[in-house]
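here's a sequence, model it:
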Amino acid sequence: PSITNRDTSNTIRNMGQDDIQIYMGGGKRPRVRFRTLQLKREKGGLSLPNLKEYFHAAQLRYVHCWCKLDYEAKWKEMEKSFGMCPIQSILGDRETFKKVRNQMDSITKFTLELWFKLLRHNKAEKDANVLKWVAFDSSFKSAGHRGGLGQWADKGITAWCTLVNKGKIMSFQDLKTAYGLDWREFYKYLQIRDYYGKRIGQELSLEMNKVVQVMIDTYKGNRVRTITTLYKALMDDKSTTGYIKEKWEREFGMEIPEDEWDKMWEKHKTTTCSRAWREFSWKNLIRFFITPKISNNYSETRKSCWRNCGSFDANHAHIFWNCHKITEFWGMVHRITQEILGYEFPMKHELMYLYMYSENIVHDGDSYLFKILMVAGKKVITRKWGTEDLPTQTHWVDTVGEIHMMERLTHRLRLTGSQMDSKWRKWTLWQLTQN
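Alright, predicted model coming up:
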């Protein structure tokens, strides 16, 4: 590895991270947490890079190469040959690392220090026990050459994870076939099966840590794009949009199941073919807009809803749905949408604003058009942002017309005009009835 000291690593990890935040915020106070923006799009983020985790993934690449038995390189042979035990056998054994760290060169030591730091940070130290080598496990009294298990290492038996199938140690017969063991070694087999069941297997988490799982898969011969896979593993469950879900639940007085919350992000990010409209739809669900209630947090004077409805609790739910002055507007959108689709559905915020619906409510073939009709309604509201003017049917129809024009151009460029006609057929027929 070319990066070997902490000072250099801190420089790499922090380089550009602040610049990305400033660019995304336009130099203003951020409206969405940066960690949220770094989430995958299907989880509510924008997949912005986390340079710190990219750096970690680049460093863990060398750990991955250690576990990849068929990987050959001069640097690997140099790092493996520090003496006491194979370098891979230390990955789950912090105690052994403490004993031998002073025998290592600075590059290898830095990589292992980072590895154990990440294990501790992600609470994955117990999961990493499966990466210990059977013959060099410091907690296993029968381990080591004196216990006879050193010969097993010579025969190719390495990490505990290579002996496990569906949570249990392989049968002795399978081990005999795979590694050429002798029947006289059956007692040793009973020892390792008992030790694994009592000391390692019981301490594993219900869901294996993703980084440790990458190393297990590597031992088993799976080939992956190393840095990409490690980065995704490090980013897994790094943050969530649960705090946003809780705000919607509180303001609308409802409960949103986790699986429905994930589906809502998927629906919002597939609103149209246009990135601009997808982003606008995402902004609605992510609570991007500054409402009077948010402004009151940074102002000495309290602001009420600008529509003069009398509410001083003008949060997102109020501005976009609950304000009684826009009830008529959403009622119009609801009525006309039913006319267009040709069937009835309930006028509820979870359906029309949050997109929490099933095929039983909005038919699968109508989902595309339904989302466009609803996002046009949201757009009309934001175009009247901060004013007493109320959105009207004309504003809404004109906005749908704008989206229709952009979608038509996109489909023509993609040579999918027939799909366009099919998707918009119900809207076209409704428009004909209005002329």
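
which other residues reach the longest helix along the chain?
For the chain, the longest helix by residue count, based on DSSP state H, is helix 393-413. Helix 393-413 is contacted from outside by 272-274, 277, 329, 332-333, 336, 372-373, 375-377, 379-380, 383-384, 417, 419-420, 423-424, 427, using CB atoms under 8 Å, 6 or more residues apart in numbering. No exception for glycine: its C-beta is placed from N, CA and C like everyone else's.

let's go with 6 Å and repeat that
Among residues not part of helix 393-413, those counted as contacts by CB atoms under 6 Å, 6 or more residues apart in numbering are 273, 274, 332, 372, 376, 377, 379, 380, 417, 420.

write the PyMOL selection for whichever of those residues are buried.
A single PyMOL command selects the buried members of the contacts of helix 393-413 (16 or more other CB atoms under 10 Å):
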select buried, resi 273+372+376+377+379+380+420
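
from the contacts of helix 393-413, which shows the smallest pLDDT?
Least confident entry in the contacts of helix 393-413, by pLDDT: residue 417, with 84.

ok, now how distant is residue 199 from residue 123?
18 Å (CB to CB, to the nearest Å).

ok, back up a step: from the chain's centroid, how far away is the longest helix of the chain?
32 Å (CA atoms, centre = their mean, to the nearest Å).

can you give me the buried ones in it?
395, 396, 397, 399, 400, 403, 404, 407, 411.

if I look at the closest residue to the second one other than its chain neighbours, how far off is residue 101?
Right, residue 396. Distances taken as CB to CB, 6 or more residues apart in numbering put residue 380 closest to residue 396, at 5.2 Å, once the chain neighbours are dropped. As judged by CB to CB, residue 380 and residue 101 stand 64 Å apart.

quick revisit: who's more crowded, residue 199 and residue 123?
Between residue 199 and residue 123, counted using other CB atoms under 10 Å, the more crowded position is residue 199 (13 against 10).

give me the nearest residue to the more buried one, chain neighbours excluded.
Residue 199 sits nearest to residue 139 (CB to CB, 6+ apart), 6.4 Å away.

with residue 391 instead?
residue 380 (4.0 Å).

repeat for residue 130
residue 161 (4.2 Å).

the one you found: how many residues sit nearby?
With other CB under 10 Å as criterion, residue 161 counts 23.

now swap in residue 309 and tell me
14.

list the residues that contact it.
323, 324, 325.

just residue 150 next, same as before
Taking CB under 6 Å, 6+ apart as the test, what residue 150 contacts is residue 135.

offset the numbering so it begins at 207, please.
Yes, from this point I'll number from 207; that puts the last item at residue 356.

neighbouring contacts of stretch 470-486?
247-248, 250, 487-488, 491, 560-562, 577, 581, 612-613, 616.
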